[in-house]
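Chemist: Sharing a model that was predicted from the sequence below.
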Amino acid sequence: MKTIQLTLITIALTIIAACGSTKKTTSTVSATPVTTTTPNNSTSPTGPVLFAVPAKSADGIYAPGNEELTAIQSQYKEVTLDKLKEGYTLYTAGACIGCHGADNIYHHDAMQWKNIIDDMAIRANITEAQKDAVYKYVLSIKATQPK
């Protein structure tokens, strides 16, 4: 009888611990319908085609795309999508995550981010080019921040 009680208590504690987990959830993907057209601009007989478009996360931490590239290039023409992706990788899976979780990008303005990245780059031991990639990634996300 005591073995059954001990087993039930262990299971209950495991469930309670799992429910209280602080593990972050991943971002969701929404489908956007797109209708294909033939050269004469009539709707294709196959109907709408769905493409997965990643949703922007509430914390501003998501992979950059063409929207972010276009937004950052209005201020920094030399930035490429590869540079933004490098910054994203460093921010979400590289140097920044080594000591702490990724901070909500929307919580700080551009000047605050410059100071944060300058300070953290020394601690993370990243190069100037890597620091610039993270900064440009953050600015590109800020530039497309939902109003």
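Modeler: That came in fine, so what should we check first?
Chemist: hmm, who's touching stretch 94-105?
Modeler: Stretch 94-105 is contacted from outside by 24, 59-61, 90-92, 113, 116, 120-121, 123-126, 130, 134, 138, 141-142, 145, using Cβ atoms under 8 Å, 6 or more residues apart in numbering. Where C-beta positions appear, they are placed from N, C-alpha and C, glycine not excepted.
Chemist: again, but for stretch 66-84
Modeler: P64, G65, D132, A133, K136, Y137, L139, S140, I141, A143, T144.
Chemist: how about low-confidence regions in this structure?
Modeler: The chain contains residues with pLDDT under 70 at 1-55.
Chemist: Where do the strands of it begin and end?
Modeler: With DSSP state E, the ranges of strands along the chain come out as 29-37, 43-54.
Chemist: Do a quick rundown of the helices in the chain.
Modeler: Remark: helices assigned in the chain by DSSP state H are 2-19, 66-73, 81-93, 110-124, 128-143.
Chemist: Deepest in the core, which of those helices is it.
Modeler: helix 128-143 (a mean of 21; mean count of other Cβ atoms under 10 Å).
Chemist: Just want the angle from that one to helix 110-124.
Modeler: 150 degrees (axes from the mean of the first three to the mean of the last three Cα atoms, to 10 degrees).
Chemist: helices or strands next to helix 128-143 in the packing?
Modeler: helix 66-73, helix 81-93, helix 110-124 (3 or more Cβ pairs under 8 Å, 6 or more residues apart in numbering; DSSP states H and E).
Chemist: neighbouring contacts of it?
Modeler: Contacts for helix 128-143 (Cβ under 8 Å, 6+ apart): 60-62, 64, 68-69, 71-72, 74-76, 79, 83-88, 90-91, 95-96, 105-106, 109-110, 113-114, 117-118, 121, 126.
Chemist: ok, 7 Å please
Modeler: 60, 64, 68-69, 71-72, 76, 79, 83-84, 86-88, 90-91, 105, 110, 113-114, 117, 121 (Cβ atoms under 7 Å, 6 or more residues apart in numbering).
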